[in-house]
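S.K.: Any chance you could fold what I've pasted below:
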Amino acid sequence: GSYRISGKKTGLWEASYYISVTNETITRTYSPSATAITGSFSSTYLRLDSNKQATYYLGWKMGILNYNHYLQATIRSGSLNITY
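M.R.: Numbering: from 1, shown residues only. So this is what the prediction gives:
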């Protein structure tokens, strides 16, 4: 099936993407979206790290400060876990 992976850092950003899963394996990542509430993004990159993990890498900046954030989906023991 297809699943929407979403997360937000309150007041900073909101992001989402979709994954396709077959037999507890991530087969595809697509349709990334990221909105900066404050600051801006210097870079965004959606990657299928393995057949069990997908990560949306978010380079977020505020003024001269740069931070690396991520929105990650992982399949473990039959469960889909989202961290950010």
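
S.K.: Okay, now the sheet partners of the helix or strand hosting residue 30, with direction.
M.R.: Residue 30 belongs to strand 25-36 when assigned by DSSP states H and E. Looking at strand 25-36 with DSSP bridges, its partner strands are strand 13-22 (antiparallel).

S.K.: Can you give me the buried ones in the partner strand?
M.R.: Buried residues in strand 13-22, defined by neighbour count with 16 or more other Cβ atoms under 10 Å: 13, 15, 16, 17, 18, 19, 21. All C-beta atoms are positioned from the backbone trio N, CA, C, and that covers glycine.

S.K.: list the contacts for the fourth one?
M.R.: Shown in contact with residue 17 (Cβ atoms under 8 Å, 6 or more residues apart in numbering): 4, 5, 29, 30, 31, 32, 33, 46, 54, 56, 71.

S.K.: Grab the nearest non-local neighbour of it.
M.R.: residue 32 (4.3 Å; Cβ to Cβ, 6 or more residues apart in numbering).

S.K.: OK, contacts around the one you found?
M.R.: 15, 16, 17, 44, 46, 56.

S.K.: Greatest separation within those residues: which pair is it?
M.R.: 16 and 44 (11.5 Å; Cβ to Cβ).

S.K.: residue ranges for the strands of this structure, please.
M.R.: Here the chain has its strands, by DSSP state E, at 2-9, 13-22, 25-36, 40-50, 53-62, 65-76, 79-83.

S.K.: mind putting the ones you listed in a markdown table, mean pLDDT included?
M.R.: What follows is those, written out as a markdown table (pLDDT from 0 to 100):
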| stretch | mean pLDDT |
| --- | --- |
| strand 2-9 | 97 |
| strand 13-22 | 98 |
| strand 25-36 | 98 |
| strand 40-50 | 98 |
| strand 53-62 | 97 |
| strand 65-76 | 96 |
| strand 79-83 | 97 |
